[in-house]
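J.: missing the sequence, but the structure's below:
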Ligand code: SF4
């Protein structure tokens, strides 16, 4: 059985998981519908797709422009080719500042490079400050959804977790639970030496970082600690604020069904001499980690992704099994495309098959990524790469045989003879191996007793 199937089976056996995720996803999908209202979504999507396609097609130029502008604003920019380089750079900054406590605002890229584990191995305490991220951190889990990391947990499970980890006595009242979490996190914000955040968009014309949150933790992480480190995937660039004004509302509407999130932080460098607050240092780490290798491939459009999670909300597979079944950092349709591209087919070649190909993901994607088409292309590539020697030899022989008329006719006659013990009323319901893999879940039409040419000849055709 494939690892996805094994993991999915475990998730499916978790009581209430499918219902909890399905409900949360429905709430988001409905909110998204409401916020779009009478907006011409298709026109918006066309504009967003054009912006993303143009930016990714000119990514090196925009990255240079961004880095120059950020540098001029006082930030220090580092390009990391690999996850290892990014982690080593962050560790170096944290070590050199003698930092003991790091507060983190939600970042999928930091998950991608496993930054927390590296910092903790170095003896640094890392505290996730987004409530959902904090919940999965103290539960020792990975986020289950891009924008709703703890979507798989019920309110009662969260209360039990806080009671077990912090020894608190709480009710199931969300206000009480979040109030308690706020107390825990405030104290950490005030003590932290370094704040690490993700980046939703990097604005090339000004070198600005745009970070959206609903809890204010992004603002705290970027302004209270002495040092701010922002970790950004290289594709998160927008040319200017003009393009941002199209993509930002699309991101928030698609992610959480909001016109705008409670906080939109625009960071333009470290604190200047006349400013009362903000960090003394701003470091921006721009991560490649396999992204640039996709630029010249048919999978390039996956770099258009703005990580809104809308494809996860509507995916019938994700809604049943949640993000953990996908095994990687990114779950759902976008994970089924990204993970095999980043980690290879050997470990993740089964993910493109974790889809019904209903195309709901492509319909929901605000930047028009044809996700289901990428999944089909990945299935093709994974099959080509993973086919064993015997399979390749078999297909080569078959191809040779069917390349000549006598070879084709002989093989069809032989197959007709071979199917006799299994054919009933024109169907094969149970065939021997290897066809049994097909007939275990559906019938196979039997070969006709006579081919078209045979009938044609019998009827006197020339
Ligand atoms: S693929 Fe599209 S819908 Fe899915 S997370 Fe990315 S932008 Fe959102």
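T.: In hand now; what should we look at? As the structure is a prediction and not an experimental result, all values here were calculated from the model.
J.: ok, the spatially most central residue of the chain - contacts?
T.: Averaging the C-alpha coordinates of the chain gives a centre point, and the residue nearest to it by C-alpha atoms, centre = their mean is residue 330 (3.3 Å). Under the criterion of C-beta atoms under 8 Å, 6 or more residues apart in numbering, the contact list for residue 330 reads 108, 146, 323, 338-339. Where you see a C-beta, it was placed from the backbone N, CA and C, and this is true even at glycine.
J.: ok, which of those residues also contact the ligand?
T.: Of the residues in the contacts of residue 330, proximity to the ligand by C-beta under 6 Å from any ligand atom holds for residue 146.
J.: identify the residue spatially nearest to residue 66, adjacent ones excluded.
T.: For residue 66, ignoring the flanking residues on the chain, the nearest one in space by C-beta to C-beta, 6 or more residues apart in numbering is residue 204 at 4.2 Å.
J.: what sits against the residue in the stretch 101-250 of the chain positioned nearest to the ligand?
T.: Using C-beta to the nearest ligand atom, residue 146 is the residue of the stretch 101-250 of the chain that sits closest to the ligand, at 6.0 Å. If a contact means C-beta under 8 Å, 6+ apart, then residue 146 has 108, 255, 307-309, 312, 330-332, 334 as its contacts.
J.: let's see 10 Å
T.: 106, 108, 111, 255, 305, 307-313, 323, 329-332, 334-335 (C-beta atoms under 10 Å, 6 or more residues apart in numbering).
J.: pLDDT score for it?
T.: Note on residue 146: pLDDT of 93.
J.: ok, residue 172 - how many residues close by?
T.: Summarising burial for residue 172: neighbours were counted as other C-beta atoms under 10 Å, giving 12.
J.: confirm that it sits in a helix.
T.: No. Residue 172: not assigned to a helix; according to DSSP: H, G, I helix; E, B strand; the rest coil it is coil.
J.: how about the secondary structure of residue 7?
T.: helix.
J.: quick check: the residue of the stretch 151-300 of the chain nearest the ligand.
T.: When distances are taken as C-beta to the nearest ligand atom, the stretch 151-300 of the chain reaches nearest to the ligand at residue 254, 6.0 Å away.
J.: so is the lengthiest helix in the chain next to the ligand?
T.: The helix spanning the most residues in the chain, taking DSSP state H as the definition, is helix 17-36. No. If you take C-beta under 6 Å from any ligand atom as the test, helix 17-36 misses the ligand, and the best it gets is 10.7 Å.
J.: tell me what that helix is packed against?
T.: Packed against helix 17-36, as judged by 3 or more C-beta pairs under 10 Å, 6 or more residues apart in numbering; DSSP states H and E, are the following elements: helix 3-12, helix 41-57, helix 241-256, helix 310-314, helix 318-321, helix 360-364.
J.: follow-up on the earlier one: quick one, what contacts the residue of the stretch 151-300 of the chain closest to the ligand?
T.: With C-beta under 10 Å, 6+ apart as the criterion, the residues that contact residue 254 are 28-29, 32, 35-36, 41, 45, 48, 147, 306-311, 313, 364-367.
J.: buried residues in stretch 147-164?
T.: 147-153, 158-159, 161-162 (16 or more other C-beta atoms under 10 Å).
J.: stretch 436-455 too?
T.: By neighbour count, with 16+ other C-beta under 10 Å as the criterion, the buried positions of stretch 436-455 are 439, 444, 446-447.
J.: overlap between those residues and the residues near the ligand?
T.: When the buried residues of stretch 436-455 are checked against the ligand using C-beta under 6 Å from any ligand atom, none falls in range.
J.: among those residues, which lie within strands?
T.: Judged by DSSP state E, strands contain the following of those: residue 444.
J.: check contacts around the residue of the stretch 351-462 of the chain found nearest the ligand.
T.: Distances from the stretch 351-462 of the chain to the ligand, computed as C-beta to the nearest ligand atom, single out residue 365 as the nearest residue at 3.3 Å. The neighbourhood of residue 365, defined by C-beta under 10 Å, 6+ apart, consists of 45, 48-49, 254, 301, 304-306, 308, 310-311, 314, 333-334, 371.
J.: any idea how far residue 187 is from it?
T.: In this view, residue 365 and residue 187 are 40 Å apart by C-beta to C-beta, to the nearest Å.
J.: for this structure, which residues are neighbours of the ligand?
T.: Counting by C-beta under 6 Å from any ligand atom, the positions of the chain adjacent to the ligand are 146, 254, 305-311, 334, 364-367, 369, 371.
J.: 8 Å instead, please
T.: 146, 254-255, 302, 304-312, 332-334, 337, 361, 364-367, 369, 371 (C-beta under 8 Å from any ligand atom).
J.: the closest residue to residue 82 other than its chain neighbours - how many residues pack around it?
T.: Once its chain neighbours are removed from consideration, residue 82 has its nearest residue in residue 289; the separation is 6.0 Å (C-beta to C-beta, 6+ apart). The burial metric for residue 289, expressed as a neighbour count using other C-beta under 10 Å, is 19.
J.: from what I can see residue 289 touches residue 79, true?
T.: No. Counting by C-beta atoms under 10 Å, residue 289 stays clear of residue 79, with 11.2 Å between them.
J.: residue 282 sits in which helix or strand?
T.: Residue 282 is part of strand 281-287 when elements are defined by DSSP states H and E.
J.: with residue 212 instead?
T.: According to DSSP H and E, residue 212 maps onto strand 208-213.
J.: need the next SSE after that strand, C-terminal direction.
T.: Using DSSP H and E, the helix or strand that directly follows strand 208-213 along the chain is helix 217-223.
J.: can you pull the buried residues of the next helix or strand after that following helix?
T.: Beyond helix 217-223 on the C-terminal side, the first helix or strand identified by DSSP H and E is strand 227-233. Neighbour counts using 16+ other C-beta under 10 Å place 227-233 of strand 227-233 among the buried residues.
J.: now do the contacts for residue 83.
T.: Contacts here follow C-beta under 10 Å, 6+ apart; on that basis residue 83 touches 109, 112-115, 118, 287-290, 342.
J.: do you know the pLDDT at it?
T.: In this model, residue 83 is scored at 97, pLDDT.
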